[in-house]
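>>> Here you go, sequence then predicted model.
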Amino acid sequence: MTQLSQNLTKAVIKLGADLRSLQYRALYLDAETLKREVSSGQQKLRAIYGEAESQQIDLLPYYQALAEIEANLEVIQAGHHLVNFPEKIALFIDGANLYAVAHDFLRVKIDFARLLAYFGQNATILRAFYYVAYDPAEGDYLPPYLIWLKRNGYQVVTKPVKEVGAGVKKGNLDIEIALDMLELADKVDRVVLFSGDGDFAPLLKRVGRKGARTQVISYWGNGEGPTAAELIETADVFTELKDILPFVIKAD
């Protein structure tokens, strides 16, 4: 990656974080301050537009965020107050699936602190689960990254892998994910599943019938990714992981 593209990547990541923060802070800013910040965001977008377009970086989410902020500005300028009733959400992360998508297909690392910050900007995160299998042969202690997750806002759910054939080991936490999601379905407004596994489609249907909106985050990539089509069709909202990478990627 060239120095120029590295600078662009950093600028895109910083702008994304700033816009998400402004979306939240718009509820508390006066009209003049918000107007200045909207103008600043527009200028930053114009500054990177040409290079981003040449490198095929999709800036649509940023324009949509600015449009939402501008709509809030119009409400404030009309003399009204913005009322915010935070949406309650729960995150369900299929650790192995998310790792495979991020590492094998998108070649990135997820910053789980930024991920919580991103989803917590305009919502109350009731629970954030991270599910992963472990190999008992590697010892009884959790790897450092799982300890970090447990200490920084995540409920880590583990399960030992089982040998299903000669030298073949498998760990499946679908049941644990399903039980936790069904238990919380009537206590949250939205469940967010990080997985592309089509086996979860019936679960999302059941959760939807309990009243919660369902969102799936994974990589489809016009069929190049590992996300099952039935999962995309079942969810109320499907979000391409690559579209939110500017907000959740680990910056080098």
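All right, it came through fine. Computed from a predicted model, the values in this text were never measured in an experiment.

>>> For the strand ranked longest in the chain, enumerate the helices and strands it packs against.
Criterion DSSP state E: the longest strand present in the chain is strand 123-134. Counting by 3 or more Cβ pairs under 8 Å, 6 or more residues apart in numbering; DSSP states H and E, the packing neighbours recorded for strand 123-134 are strand 87-94, helix 95-100, helix 112-120, helix 144-151, strand 155-160, helix 174-184. Where you see a C-beta, it was placed from the backbone N, CA and C, and this is true even at glycine.

>>> Please produce CSV containing the ones you listed, extended by mean pLDDT and mean neighbour count.
Output for those, formatted as CSV (pLDDT from 0 to 100; neighbours: other Cβ atoms under 10 Å):
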stretch, mean pLDDT, mean neighbour count
strand 87-94, 95, 22
helix 95-100, 94, 18
helix 112-120, 94, 19
helix 144-151, 92, 14
strand 155-160, 92, 15
helix 174-184, 96, 16
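
>>> Switch those over to TSV; also include distance to residue 14.
Formatted as TSV, the helices and strands packed on strand 123-134 follow (distance: least, Cβ to Cβ, whole Å):
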stretch	distance to residue 14
strand 87-94	24
helix 95-100	24
helix 112-120	12
helix 144-151	24
strand 155-160	30
helix 174-184	34
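
>>> How is the protein partitioned into domains?
Residue ranges for each domain of the chain read 3-77, 87-248, as given by automatic domain parsing.

>>> Pick the most buried one from those domains.
When these are scored by mean count of other Cβ atoms under 10 Å, the highest mean neighbour count falls to domain 87-248 (a mean of 17).

>>> what's the span of that domain, first residue to last?
Chord length of domain 87-248, first to last residue, is 20 Å (Cα to Cα, to the nearest Å).

>>> Quick one: distance of it to the chain centre.
Averaging C-alpha positions (Cα atoms, centre = their mean, to the nearest Å) puts domain 87-248 10 Å from its chain's average.
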